[in-house]
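# can you look at this prediction? I've put the sequence above it.
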Amino acid sequence: MSAAPFYHTPPLTFRGVSDSLAKEHIEGSECCLIHSDNFLSHEKGVWLNPNVRVAYNATTYSKVNGGVEVRAAWGDPPIRDGVIGGDGSYWPGKGEMWRGVWMNRFVRWTGWVKLWSENRVVRKRVENWVNKGKMLDPPETREERGLECLVNEMQVLVYNGWQHV
């Protein structure tokens, strides 16, 4: 990826959905929104390396990376919670790959109805949000460029993490 958008004026930055739009039960991923905001994405596309596998915790990381032992730093013993690694097999396995291919095909063939209706709800809520901004005193210009990144849900912070509402 070219670094040019980060030196552009205004510079490309990670952002979230505005709080007033989030109140409409709309969420968006900052990982998607940055590509939506990047002026080079339309010209050069967005490239993803499928061999990069990340996870939110050591146990999952170990599973998706073929049983790799998770350590805090090079040469350290495995991390305190004792994550030794998975069973050493590759992930996904052949059976999981076969099921994944056919589930993907099934969703592509039948999932368009759900996708169409979800996108319709998101577009309508964004339109309502824009119109509410026009009715404020003084009027507020509202715009969301990353419609493809938005989903019809809301997340709230609870005592043990995030809760979907």
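Received it, and whenever you're ready, just let me know what you need. Numbers count the residues shown, from 1 in each chain.
# residues in contact with stretch 23-40: which ones?
With contact meaning CB atoms under 8 Å, 6 or more residues apart in numbering, stretch 23-40 is reached by 1-2, 4-5, 8, 12-17, 41, 46, 122, 125-126, 128-129, 144-146, 148-155, 165. To be clear about C-beta, it is placed using only N, CA and C from the backbone, and glycine gets the same treatment.
# so where's this protein shaky on pLDDT?
Under the criterion pLDDT under 70, the flagged ranges of the chain are 1, 69-91.
# now the helices for it?
Remark: helices assigned in the chain by DSSP state H are 4-7, 19-22, 30-37, 41-44, 58-64, 94-110, 112-134.
# could those go into TSV alongside mean neighbour count?
TSV is the format used below for those (neighbours: other CB atoms under 10 Å):
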stretch	mean neighbour count
helix 4-7	12
helix 19-22	14
helix 30-37	16
helix 41-44	10
helix 58-64	17
helix 94-110	10
helix 112-134	13
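# make CSV from those and add distance to Pro50 to it.
Below are these laid out as CSV (distance: least, CB to CB, whole Å):
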stretch, distance to Pro50
helix 4-7, 23
helix 19-22, 31
helix 30-37, 15
helix 41-44, 18
helix 58-64, 12
helix 94-110, 12
helix 112-134, 22
